[in-house]
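Chemist: dropping a prediction and its sequence here:
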Amino acid sequence: MPRMRLWAGTALTCLSLTALAMVTEAQLSATAEDERRIATELLSEIHASDLTEITVGNLARSKGTTPEIRNFGVLLIRDHTDFDRRVQELAKKQDIQLADPKPTTSEEEHRMELVKRRLSQLESLDGPKFDTFFFEFDGEAHRVLLRTLITGNQQLKPSAVKALITKIVPILRQHESLCRWCWNHCLNSKP
């Protein structure tokens, strides 16, 4: 009788461990799917932002009224072109399809439409009005992107995507700081 109980206990333990292993495997699979979804969303967001920042940088380079503004435009073009190259290489390595970010809330949809309208407005401006609107637009664009990347990166496990975002964030912070500096220096020092 004791052997029968021992065998029944062992069989029950094996079944429990098998069930636990199946649950753990399912959880890992769900986590891997979540990781891939988050990585895809973040890389796509960076890609879309890079394209916008390259456009904005070109506008600043050609329409800015001071050398500082034009140089800031050149910096945006250089850095965001580099970011986009890295994002596309990583997406290709990980077989991730970059896509336009899709709004998941009405607030996000409103923000995306506002960005399109403001970019169109920026393209139509010249002179001091361009300078002012450029800094408003670009400062906000960097703040939003930084918030998105920092929040998203906290959800990722160590990975190539997390490493790339970790390298990009300090440069985006520099852009935001330079934008503030140019706002104060270039716009407030004009007669």
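Modeler: Ah, there it is.
Chemist: alpha carbons only for contacts and neighbour counts from here, please
Modeler: Will do.
Chemist: residue boundaries of the helices in this protein?
Modeler: 2-63, 67-93, 106-124, 127-155, 160-182 (DSSP state H).
Chemist: out of those helices, nearest to D100?
Modeler: Nearest of these to D100, taken as Cα to Cα: helix 2-63 at 6.3 Å.
Chemist: picking up where we left off before, closest one to A99 among the helices of the chain?
Modeler: Of the helices of the chain, nearest to A99 by Cα to Cα is helix 2-63, at 5.6 Å.
Chemist: quick one: low-confidence parts of this structure?
Modeler: By pLDDT under 70, the low-scoring segments of the chain are 1-30, 189-191.
Chemist: please redo it, this time with the cut-off set to 80
Modeler: In the predicted model of the chain, residues 1-30, 101-103, 186-191 satisfy pLDDT under 80.
Chemist: now mean neighbour count and distance to D100 too, for the helices of the chain, in CSV please.
Modeler: Below are the helices of the chain laid out as CSV (neighbours: other Cα atoms under 10 Å; distance: least, Cα to Cα, whole Å):
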stretch, mean neighbour count, distance to D100
helix 2-63, 16, 6
helix 67-93, 18, 13
helix 106-124, 13, 11
helix 127-155, 17, 14
helix 160-182, 16, 18
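Chemist: so for N188, which of those helices sits nearest?
Modeler: In terms of Cα to Cα, the element of those nearest to N188 is helix 160-182, at 9.0 Å.
Chemist: quick one, that closest one and helix 67-93 angle?
Modeler: Taking axes from the mean of the first three to the mean of the last three Cα atoms, to 10 degrees, one finds helix 160-182 and helix 67-93 inclined to each other by 170 degrees.
Chemist: pull the CA atoms of helix 160-182 into PDB?
Modeler: Taking only C-alpha atoms (Å, rounded to 0.1, in the frame of the first residue of the first chain), the coordinates of helix 160-182 have been written out as PDB:
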ATOM      1  CA  ALA A 160      18.600  44.800 -29.400                       C
ATOM      2  CA  VAL A 161      15.500  47.100 -29.600                       C
ATOM      3  CA  LYS A 162      15.900  48.100 -26.000                       C
ATOM      4  CA  ALA A 163      19.600  48.800 -26.500                       C
ATOM      5  CA  LEU A 164      18.900  50.900 -29.600                       C
ATOM      6  CA  ILE A 165      16.300  53.000 -27.700                       C
ATOM      7  CA  THR A 166      18.700  53.400 -24.800                       C
ATOM      8  CA  LYS A 167      21.300  54.900 -27.200                       C
ATOM      9  CA  ILE A 168      18.800  57.200 -28.900                       C
ATOM     10  CA  VAL A 169      17.100  58.700 -25.900                       C
ATOM     11  CA  PRO A 170      20.100  60.800 -24.700                       C
ATOM     12  CA  ILE A 171      20.500  62.300 -28.100                       C
ATOM     13  CA  LEU A 172      16.800  63.100 -28.300                       C
ATOM     14  CA  ARG A 173      17.100  64.800 -24.900                       C
ATOM     15  CA  GLN A 174      20.000  66.800 -26.400                       C
ATOM     16  CA  HIS A 175      17.700  67.800 -29.300                       C
ATOM     17  CA  GLU A 176      15.000  68.900 -26.800                       C
ATOM     18  CA  SER A 177      17.600  70.900 -24.800                       C
ATOM     19  CA  LEU A 178      19.000  72.500 -27.900                       C
ATOM     20  CA  CYS A 179      15.500  73.400 -29.100                       C
ATOM     21  CA  ARG A 180      14.900  75.200 -25.800                       C
ATOM     22  CA  TRP A 181      18.300  76.900 -26.000                       C
ATOM     23  CA  CYS A 182      17.700  78.100 -29.500                       C
END
